[in-house]
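J.: model the following, please.
(one chain, ligands or ions: 4)
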Amino acid sequence: MKLNQLLERLKYEVVQGSDEIQVTTLVNDSRKIESGSVFVCISGAVVDGHEFISDVAGKGAIAVIVEKEVEAPKDVTVIRVPDTRYALALMSASYFGYPAEKMKIIGITGTKGKTTTTYMIKSILEEVGHKVGLIGTIETIIGDEKIPAANTTPESYTIHQYFAKMAEAGCDSVVMEVSSQGLMLHRTAGILFDIGIFTNLGRDHIGPNEHKDFEDYKRCKGLLFQQCRQGIANVDDVYFEDVFSGATCETETFGFSEKADLRAVDTHLVSRPGYLGIAYHVTGLMDFDVEIDIPGKFSVYNSLTAIAVCRHFQVPAEKIQEALGAAKVKGRIEMIRVSDDFTLMIDYAHNAMSLESLLTTLKEYNPTRLVCLFGCGGNRSKERRYEMGEVSGRLADLTIITSDNPRFEEPQDIINDIKVGIEPTEGKYVEICDRKEAIRYAIEHGLPGDVIVLAGKGHEDYQEIKGVKYPMDERVLIQEILSGH
Ligand SMILES: CC(=O)N[C@H]1[C@@H](OP(=O)(O)OP(=O)(O)OC[C@H]2O[C@@H](n3ccc(=O)[nH]c3=O)[C@H](O)[C@@H]2O)O[C@H](CO)[C@@H](O)[C@@H]1O[C@H](C)C(=O)N[C@@H](C)C(=O)N[C@H](CCC(=O)O)C(=O)O
Ligand SMILES: Nc1ncnc2c1ncn2[C@@H]1O[C@H](COP(=O)(O)OP(=O)(O)OP(=O)(O)O)[C@@H](O)[C@H]1O
Ligand SMILES: N[C@H](CCC[C@H](N)C(=O)O)C(=O)O
Ligand SMILES: [Mg+2]
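T.: Ligands and ions are numbered 1, 2, ... in the order given. All right, here's what the predicted structure looks like:
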């Protein structure tokens, strides 16, 4: 492949050498260089790719793409672009033959509900015969192949590599989560989404290596609506108009508000022993009854989003009803049967917004006690800690504070930060640092009619401590506890 073909959709300057050369592979990791590779230098959060130029030249790279002034061996072509992450995205699309243009691409952004909604959309579209690829927090799904995810929205090269595999596997559409960091770091640059979705916006992801402030977070979410044809938005969210202020797409809305194009009415909780769900009537652009096995008001939002998307694929109401009735997502309000007396669930709520909506909605089912077990991740937004502490102290009848993924922080320091939030609420709490022991406590002290939530780890099957991921799956811990281990 010729270098100028990879660069065809970019503005660039040839600083040294020629763009007429043939290259073998496109690489942004010096450890993956082959003879004839072009190396894209990314200024990362940990290291600067520009520092590897002599290393990659020694390994056979024949061109480098830079965004800074650099010294390079004379036989290496140097191309300068304004932003190398942006360039990597557009070059990757070309490298893999523009696979996004062969399928319908659905992108979902928002603070919460992305993962849940992607699975709902996939199951509805597959009900009527579409073949749907999926990219998100839990995994990437290409036909029968499931690849565990490192990021919610992977690096652009990986996205196009997955797209190419999906197109080859016969997928006609892709549903993917588009995180604000993904938008900020140009991981999805150059993709024209057929449908872009905005679920909601809450304070999150502010801190070192994430967003500098809420304004930046909000601005990044809005970028999706400058690169899609049809926007679909939650009109009830207070930030909807802000997020869509620069939008260039057609826009339709969903929500409870009378203004919504697709609206939920007559919502009612469904509760039977061992079962919590929600039902409503959808009206406006479509008209039918919906019942879902996932409790809570946000299940109404997530399913409305899925309905709005599937309407654009002309899916009939009965098929949507059927697929939504069976929708289940790993670690998202996943019910685990441990007792005939009380209800226990594993959920991924790991910020104040999701914990507040989860606990509020569960309280509506009138449990004897609402018990909330959680910790917070280390080396992630510190605001989450006291905010989640405050939410749980205020809404739960008992909070069990424990560890999540401490990463490089001391678990007890994280617990202390959570206590700063919980103490002023006078909410009842216990602290048990070891997560398994904390779960044991929750199960052994469960009272008839209790609802117990294990929050924060959701689908994760590991605990990350000082750079090592140790196996830890809450489903396995529960089975061990029940069998007396
Ligand atoms: C802070 C951040 O966003 N980091 C992400 C980023 O790392 P980076 O580019 O800054 O990497 P770096 O290690 O500094 O390396 C810079 C460059 O040098 C290259 N390099 C590096 C070492 C070497 O020996 N040779 C070499 O060439 C690297 O390949 C890279 O091109 O790019 C990597 C590849 O795409 C990501 O995996 C990584 O995500 C880390 C794991 C992360 O935790 N990110 C979080 C903040 C994140 O992005 N989260 C969002 C939202 C989550 C959600 O709410 O669902 C997500 O989309 O996942
Ligand atoms: N629409 C929603 N509004 C608020 N909270 C939600 C919503 N949907 C799900 N939640 C709560 O947030 C948690 C995470 O949901 P989900 O994984 O679907 O969101 P996400 O946007 O993919 O989040 P992440 O950025 O962490 O991947 C759920 O476990 C649930 O507690
Ligand atoms: N995608 C999420 C993962 C958090 C999950 C939680 N278990 C933790 O480790 O903090 C984030 O980066 O914010
Ligand atoms: Mg997600």
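
J.: ok, and does stretch 380-390 reach over to ligand 3?
T.: Yes. Using CB under 6 Å from any ligand atom, stretch 380-390 reaches ligand 3 at residue 380. From N, CA and C alone the C-beta is placed, and that goes for glycine too.

J.: can you list contacts of that stretch?
T.: By CB atoms under 8 Å, 6 or more residues apart in numbering, the list of residues contacting stretch 380-390 from outside reads 203-207, 210, 350-352, 355, 374, 376-377, 399, 401, 407, 414, 417-425.

J.: which of those residues fall within helices?
T.: Judged by DSSP state H, the subset of the contacts of stretch 380-390 located in helices is 352, 355, 414, 417, 418, 419, 420, 421, 422.

J.: ok, back up a step: which of the contacts of stretch 380-390 count as buried?
T.: 203-206, 210, 350-352, 355, 374, 376-377, 399, 401, 414, 417-419, 421-422, 425 (16 or more other CB atoms under 10 Å).

J.: tell me how far the closest residue to ligand 4 within the stretch 351-485 of the chain lies from residue 352.
T.: Residue nearest to ligand 4 within the stretch 351-485 of the chain (CB to the ion): residue 458, separated by 9.1 Å. Residue 458 sits 16 Å away from residue 352, going by CB to CB, to the nearest Å.

J.: near ligand 3 too, which of the buried ones among the contacts of stretch 380-390?
T.: 350, 377.

J.: sorry, back to before: can I assume the residue of the stretch 351-485 of the chain closest to ligand 4 is in contact with residue 330?
T.: Yes. Between residue 458 and residue 330 there is a contact under CB atoms under 8 Å: 7.4 Å.

J.: and for the worst-scoring helix or strand of the chain on mean pLDDT, what's in contact with it?
T.: One helix or strand of the chain scores below all others by mean pLDDT, DSSP states H and E: helix 214-222, with a mean of 81. Contacts with helix 214-222, where a contact means CB under 8 Å, 6+ apart, come from 109-110, 180-181, 183-184, 198, 201, 203-206, 211, 239, 242-247.

J.: which ones among these are found in helices?
T.: 180, 181, 183, 184, 242, 243.

J.: distance of the closest residue to the first one other than its chain neighbours from residue 328?
T.: In this case it means residue 180. Excluding its sequence neighbours, the residue lying closest to residue 180 (CB to CB, 6 or more residues apart in numbering) is residue 220, at 4.2 Å. Using CB to CB, residue 220 is found at 31 Å from residue 328.

J.: which of these two has more residues huddled nearby?
T.: Higher neighbour count among residue 220 and residue 328: residue 220, with 21 against 15, using other CB atoms under 10 Å.

J.: residue of the stretch 301-450 of the chain closest to ligand 4, please.
T.: residue 348 (7.8 Å).

J.: from start to finish, how long is stretch 42-50 in a straight line?
T.: Stretch 42-50 has an end-to-end distance of 7 Å (criterion: CA to CA, to the nearest Å).

J.: that one: how far from the chain's middle?
T.: 24 Å (CA atoms, centre = their mean, to the nearest Å).

J.: ok, and does the least confident helix or strand of the chain reach over to ligand 2?
T.: No. Figure legend: helix 214-222 not in contact with ligand 2 (CB under 6 Å from any ligand atom); closest approach 11.2 Å.

J.: report the buried residues of that helix.
T.: 217, 218, 219, 220, 221, 222.

J.: how about the strands in the stretch 351-485 of the chain?
T.: For the stretch 351-485 of the chain, the strands defined by DSSP state E, counting those that start in this stretch cover 370-374, 398-401, 429-431, 451-455, 462-465, 468-471.

J.: mind checking which of the ones you listed is nearest ligand 2?
T.: strand 451-455 (7.2 Å; CB to the nearest ligand atom).

J.: relative to that closest one, what are the paired strands and their orientations?
T.: Next to strand 451-455 in the sheet, as set by DSSP bridges, lie strand 343-347 (parallel), strand 370-374 (parallel).

J.: got JSON lines for these, with distance to ligand 2 and mean pLDDT too?
T.: As requested, those are exported to JSON lines (distance: least, CB to the nearest ligand atom, whole Å; pLDDT from 0 to 100):
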{"stretch": "strand 343-347", "distance to ligand 2": "4", "mean pLDDT": "94"}
{"stretch": "strand 370-374", "distance to ligand 2": "11", "mean pLDDT": "98"}
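
J.: re the thing from before, between residue 458 and residue 330, which one's more packed in?
T.: residue 458 (21 against 16).

J.: what distance do you get for the more buried one to residue 379?
T.: Counting by CB to CB - residue 458 and residue 379 are separated by 18 Å.

J.: which residues sit in contact with residue 160?
T.: 92, 93, 95, 96, 99, 100.

J.: just to be sure, it is in a strand?
T.: No. Assigned with DSSP: H, G, I helix; E, B strand; the rest coil, residue 160 falls outside any strand and is helix.

J.: residue 325: neighbouring residues, count only.
T.: Neighbour tally, residue 325, other CB under 10 Å: 12.

J.: which non-adjacent residue is nearest it?
T.: Residue 325 sits nearest to residue 291 (CB to CB, 6+ apart), 6.0 Å away.

J.: any idea what residue 465 is bridged to?
T.: Here residue 465, judged by DSSP bridges, has bridge partners residue 407, residue 468.

J.: let me know whether it touches residue 410 as I believe.
T.: No. Applying CB under 8 Å as the test, residue 465 and residue 410 come out as separate, 10.5 Å apart.

J.: highest average neighbour count across the strands paired with strand 451-455?
T.: strand 370-374 (a mean of 26; mean count of other CB atoms under 10 Å).

J.: helix, strand or coil for the residue of the chain positioned farthest from its centre?
T.: Most distant from the centre of the chain: residue 74, at 43.3 Å, with distances by CA atoms, centre = their mean. Classification of residue 74 by three-state DSSP places it in coil.

J.: so it versus residue 38, what's the distance?
T.: 17 Å.

J.: again, but for residue 293
T.: From residue 293 to residue 38 the distance is 49 Å (CB to CB).

J.: same drill for those two, tell me which one is more crowded.
T.: residue 38 (27 against 17).

J.: break the protein down into its structural domains.
T.: 3-96, 99-326, 334-483 (the TED database).

J.: would you turn those into TSV with distance to ligand 1?
T.: Output for the domains of the chain, formatted as TSV (distance: least, CB to the nearest ligand atom, whole Å):
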stretch	distance to ligand 1
domain 3-96	2
domain 99-326	3
domain 334-483	8
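
J.: for whichever residue of the chain sits closest to ligand 3, what are its contacts?
T.: Scanning the chain for the residue nearest ligand 3 gives residue 377, at 2.0 Å (criterion: CB to the nearest ligand atom). Residue 377 sits next to 350, 384, 404, 405, 406, 407, 456 when contact means CB under 8 Å, 6+ apart.

J.: again, 7 Å this time
T.: 350, 404, 405, 407 (CB atoms under 7 Å, 6 or more residues apart in numbering).

J.: go on, residue 355?
T.: Contacts of residue 355 by CB under 7 Å, 6+ apart are 349, 388, 391, 392, 455.

J.: hmm, try it at 6 Å
T.: 349, 388, 391 (CB atoms under 6 Å, 6 or more residues apart in numbering).

J.: what stretches of this structure score poorly on pLDDT?
T.: 205, 208, 211, 273-274 (pLDDT under 70).

J.: and it, which residues reach ligand 4?
T.: 114, 115, 137, 152, 177 (CB under 5 Å from the ion).

J.: assign a three-state SS to residue 264, would you?
T.: strand.

J.: go ahead and confirm it touches residue 300.
T.: Yes. At 5.0 Å, residue 264 counts as touching residue 300 under the criterion of CB atoms under 6 Å.
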